[in-house]
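K.L.:
Predicted model and sequence below, questions to follow.
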Amino acid sequence: MNKISDVRRLLESREISCRELTQRFLSAAKAENPALNAYISVTEQTALDAASAVDQKLHKGEALAALEGVPFVLKDNISTAGLKTTCASHMLENYTPIYDAAVWESLKSQNAVIIGKGNMDEFAMGSTCENSYFGGAKNPHNTLHVAGGSSGGVASAIAGNVAVYGLGSDTGGSIRMPASFCGLVGLKPTYGAVSRRGLIAYGSSLDQIGPITTCVEDAALVFDAICAKDPGDMTSHGSEPVSGKLTGSVKGLKIGIAKEYFEGLPEAIQTALDAAVRLYEKMGAQIVHLEFPMLKYSLPTYYILAWAEASSNLGRYDGLRYGHRAEDFTDLDDFICRTRSEGFGKEVRQRILLGTYVLSAGYYDAYYNKAQLLRKSIKNEFSKMFSRCDVLLTPTVPVTALKFGANLTPVETYQTDICTCSVNIAGLPAVSIPCGFDNTGLPIGMQLIGEKFNEAGILNAAGAYERETAQSFMKTADMGVKL
Ligand code: GLN
């Protein structure tokens with residue numbers, strides 16, 4: 001798989017111009033998209049304009065910024081002025097924002113080359129990317145399987161070698177799950193570490209933007225490029241860059257294992273994680289056994305809070321200002337009702353209805369308030385665990401990439417978020433890294449969770465493991481651009 005450092009070496013040694021490199025990625029993206037469905041749109045002109053600016057700098061002998069000239073994919077819920085941002089919804093199928101998201105401003109200012117906008121579950125609601133209005137993104141390791149959700153297109157493009165890195169969003173696992181399914185690194189930063197300005201909101205107290213990459217070093221580089229404090233997002237706290245802080249040593253690191261995360265795991269995943277734990281011990285880390293009894297409440301807590309927030313956030317799509325508009329209607333009420341029924345897919349409609357229900361008078365105390373109390377208890381249990389360890393090690397997802405049309409019930413699908421969503425509830429940072437394959441060759445992911453703003457700690461532990469295993473779990477799919 002391609003790394004940021006590979007691209008920089010090629011550009012700086014002038015082996016290839018940035019325009020040529022960009023052309024290669026654009027052609028490959030277009031050629032592979034019928035098979036992968038990774039991109040909702042390919043942003044050719046914007047990519048070539050950035051590439052020309054990079055070539056001019058190289059021509060003048062100027063130094064390049066960390067991500068300058070590197071082809072990447074942006075999830076299609078991150079606003080890009082002048083470029084369609086659909087959220088994979090019929091509602092926003094023809095919507096072009098008039099302003100840029102903060103993260104896109106940051107990347108644009110260093111001439112990052114955007115190849116296109118990544119496919120996703122509609123409004124980021126889902127775990128397989130099958131809720132996309134444009135059809136699901138496919139897993140490059142086996143296209144009969146899903147790439148994961150909701151940032152499935154971003155992961156599919158990177159694992160399919162038609163982007164070098166990408167930005168996704170993670171409300172309950174949407175960066176880490178597709179990273180796990182596609183054999184990539186996915187970092188969900190601490191809540192507030194990365195600006196959410198211009199990210200189309202799903203659950204505002206849970207949403208975070210973060211990188212999906214082929215290696216830990218790249219995750220750190222991309223995080224550093226987007227972690228500045230932003231006065232335009234009231235919840236932005238900003239964070240220190242982490243790249244320079246990765247020592248590569250885990251000697252004396254206390255790794256917590258909470259047994260609840262491992263209950264009922266398929267054998268291949270259990271075996272891969274056991275091996276990772278043994279390796280960490282060999283590398284000098286100390287394993288601490290912990291309990292997390294509240295874990296079982298994390299799914300209902302997450303789904304009540306996320307839906308409640310979604311029902312409010314998605315209230316803005318009324319057809320009056322922008323987005324889809326019903327054509328046939330009798331009066332204003334009928335217009336709004338038809339617009340929303342036509343514009344939203346089934347899963348989104350279901351979630352808005354249930355979110356409205358849990359917030360309604362009479363049910364608010366029974367559901368929403370209770371979920372807020374549980375959120376506090378879950379946070380407390382995390383704090384207790386972190387008083388005894390530095391990072392927690394868990395599976396990322398209790399399954400490997402599902403087959404398309406696996407026909408799980410909604411609840412069965414929601415259960416795949418069990419290891420990831422508790423992290424969003426507590427606002428913590430977590431990274432997923434590849435740690436093995438199941439017996440059909442599909443990647444397995446391991447999750448490392450840290451205390452707030454300890455991105456450096458989890459990336460350091462992840463990087464040490466990656467180096468020790470000689471990146472042997474990073475399988476590359478036979479397609480796209482090979483640098
Ligand atoms: N699968 C979860 C959901 O459907 C998480 C999605 C996300 O992180 N955006 O809500």
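P.N.:
Noted; the coordinates are in hand.

K.L.:
Give me the helices and strands touching the helix or strand bottoming out on mean pLDDT in the chain, please.
P.N.:
The weakest-scoring helix or strand in the chain, judged by mean pLDDT, DSSP states H and E, is helix 410-415 (a mean of 91). For helix 410-415, the elements it packs on are helix 295-313, judged by 3 or more CB pairs under 8 Å, 6 or more residues apart in numbering; DSSP states H and E. Backbone N, C-alpha and C define where each C-beta goes, glycine included.

K.L.:
Could the C-alpha coordinates of the helix or strand following the helix it packs on be exported in PDB?
P.N.:
The element immediately downstream of helix 295-313 (helix or strand, assigned by DSSP states H and E) is helix 332-343. These are the backbone C-alpha positions of helix 332-343, laid out as PDB (Å, rounded to 0.1, in the frame of the first residue of the first chain):
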ATOM      1  CA  LEU A 332     -46.800  23.600   3.600                       C
ATOM      2  CA  ASP A 333     -47.100  20.700   6.100                       C
ATOM      3  CA  ASP A 334     -47.600  18.300   3.200                       C
ATOM      4  CA  PHE A 335     -44.600  19.800   1.400                       C
ATOM      5  CA  ILE A 336     -42.300  19.300   4.300                       C
ATOM      6  CA  CYS A 337     -43.600  15.900   5.000                       C
ATOM      7  CA  ARG A 338     -43.200  14.700   1.400                       C
ATOM      8  CA  THR A 339     -39.800  16.400   1.000                       C
ATOM      9  CA  ARG A 340     -38.400  14.500   4.000                       C
ATOM     10  CA  SER A 341     -40.100  11.200   3.200                       C
ATOM     11  CA  GLU A 342     -38.700  11.300  -0.300                       C
ATOM     12  CA  GLY A 343     -35.300  12.800   0.500                       C
END
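
K.L.:
and the least confident helix or strand of the chain with the ligand, contact?
P.N.:
No: judged by CB under 6 Å from any ligand atom, helix 410-415 makes no contact with the ligand; its nearest approach is 7.0 Å.

K.L.:
any idea which helix or strand comes after that helix?
P.N.:
Towards the C-terminus, the helix or strand next in line after helix 410-415, according to DSSP H and E, is helix 421-425.

K.L.:
got the residue ranges for the helices in the stretch 151-300 of the chain?
P.N.:
When assigned using DSSP state H, counting those that start in this stretch, the helices of the stretch 151-300 of the chain occupy the ranges 152-159, 176-182, 216-226, 267-282, 295-313.

K.L.:
in the last one, what's buried?
P.N.:
Pointing back at helix 295-313 there. The neighbour-count check on helix 295-313 (16 or more other CB atoms under 10 Å) flags 295, 297-299, 301-313 as buried.

K.L.:
So that helix, near the ligand or not?
P.N.:
Yes: contact of helix 295-313 with the ligand is found when judged by CB under 6 Å from any ligand atom, involving Ala306.

K.L.:
What parts of the protein come near the ligand?
P.N.:
By the criterion of CB under 6 Å from any ligand atom, the positions of the chain lying close to the ligand are 124-127, 150, 170-174, 202, 306, 417.

K.L.:
which of these has the most neighbours?
P.N.:
Ranked by the number of neighbours (other CB atoms under 10 Å), those place Ser174 first, at 37 neighbours.

K.L.:
if you skip the residues just before and after it, what's nearest to it?
P.N.:
Ser150 (4.1 Å; CB to CB, 6 or more residues apart in numbering).

K.L.:
Let's verify the one you found: helix, strand, or coil?
P.N.:
Here Ser150 is recorded as coil under DSSP: H, G, I helix; E, B strand; the rest coil.
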